[in-house]
Structures are given as C-alpha cells and as structure tokens.
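Trainee: build me a model from this:
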Amino acid sequence: MTSAPSADNPVAGLDATTLRRMPYQRPQPAEIRPDLVVAPAIPEDDRIWVPQADSVWFRPLCLNVSAGYWMNLLKVRKAGILSRHRHPGPVHAFVLKGSWRYLEHDWVASEGAYAFEPPGETHTLVVDEGVEEMITYFQVNGCMYYVDPWGRHTGYEDVFTKIDLCRAHYEAVGLGADYVDQFIR
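Mentor: Numbers count the residues shown, from 1 in each chain. Take a look at the predicted model:
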C-alpha cells in the first residue's frame, strides 16, 4: 500500500518525475521584491532610450537602490572618446552590437565579447571609426567616477543620478516620470 503525501511526508507516493516537475511548494519571503523581466530588452519604442550625451543613450534594465548598482544597455552612434572614469566596484559588460575599447588596454570588446572590469580601474572608453552603432549590456556596481587624464574628479554617476535622468527624460517624452519605477529594485 502506497501512502499519500502528508504534512509529515510530503513526497510519499510521488515519483521522481513528478517531484522534478513540481514547482516550489512553500511561500516566498513576504519582503521579496517582484521578479523583473524586461522584454524586449532592446526596446521598439525609442523613447525608452535615455539620452546621456550627444549620440549616446542608455536603456535601464535594473536600478538597484538597496545594493547600489545598475544594469543597462548603452547605445552609441558616434565614434570617439565617450568618457574617462574609475570604478570603485566591479563592472560586467557583454557586447550585443558593434565594438568598443579602452585607451589603456590593447584589447577590443566586439560583438559577443564579455569583459570584466576590476574595482579600482580607471579607463577611457572609445568607439572607433567605422562602428555605426554599439550596444553593450553593462552592470555597474557603485558608481562611475569621471576623471581627467591625471585622475582629478570631473563628475560621477550612481544609481540615483541614473534614476533622476530617467525620470526627467520619461516625463519629457510623455511616458511619465514614474515610468522608471518598474526598473527600481
């Protein structure tokens, strides 16, 4: 005689295939934030791209205010130096389209490449001539601390300045300032 599942023995009578396909049976933590699925990540509506500089935009994916990081797509439609900056935390990058490099390194991040930038590194981002459009997924932990060639502070970005840029842009293009709220965790 096979016993039926019970509170004392919830797996009784269940075969391995059923157990493997069964969703988690316990409640999630009450404090958990909802999942975030951004689809499509590369938006069809150009208003979602937030202008950052001439021919440079970012598309927020996750703006984490409690951990101090952000994930976004960076889109560039011009050649030249974009910025010189230092990171106090690690950065992860995955190139979706085009290519870019740093003046301080001999490698080029091209389509399909992954790059890890260690905490403390300072570098100068360049998109070379002939690259019509570059789109890269970045996860930035902490901030981007902008500097001149000698390391003197010229500005910064963090998750909160990114949110401010998004709010102002989304309000201006008719999506509403609260459009950014869906990306905040």
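Trainee: how close does the residue positioned nearest the centre of the chain get to Lys162?
Mentor: For the chain, the residue lying nearest the average C-alpha position, counting by Cα atoms, centre = their mean, turns out to be Met71 (1.4 Å). Counting by Cβ to Cβ, to the nearest Å, the separation of Met71 from Lys162 is 10 Å. Yep, even glycine has a C-beta here, placed from its N, CA and C like the rest.
Trainee: overlap in contacts of those two?
Mentor: With contacts defined as Cβ atoms under 8 Å, 6 or more residues apart in numbering, the residues shared by Met71 and Lys162 are Pro60.
Trainee: ok, longest helix in the chain?
Mentor: Longest helix in the chain by number of residues (criterion: DSSP state H): helix 159-172.
Trainee: for that helix, packing partners?
Mentor: Helix 159-172 sits against strand 50-53, strand 56-64, strand 69-76, with contacts defined as 3 or more Cβ pairs under 8 Å, 6 or more residues apart in numbering; DSSP states H and E.
Trainee: winner for burial among those?
Mentor: Neighbour counts averaged per stretch over these are highest for strand 69-76, at a mean of 23; criterion: mean count of other Cβ atoms under 10 Å.
Trainee: restrict it to CA atoms and write it as PDB.
Mentor: Coordinates of each C-alpha in strand 69-76 appear next as PDB, following Å, rounded to 0.1, in the frame of the first residue of the first chain:
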ATOM      1  CA  TYR A  69      24.200  49.000  -8.800                       C
ATOM      2  CA  TRP A  70      22.500  49.400 -12.100                       C
ATOM      3  CA  MET A  71      22.200  47.300 -15.200                       C
ATOM      4  CA  ASN A  72      21.600  49.000 -18.500                       C
ATOM      5  CA  LEU A  73      22.200  48.900 -22.200                       C
ATOM      6  CA  LEU A  74      24.500  51.600 -23.600                       C
ATOM      7  CA  LYS A  75      23.900  52.600 -27.200                       C
ATOM      8  CA  VAL A  76      26.400  54.800 -29.000                       C
END
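Trainee: so which residues of this protein form helices?
Mentor: Using DSSP H, the helices of the chain run over 16-21, 159-172.
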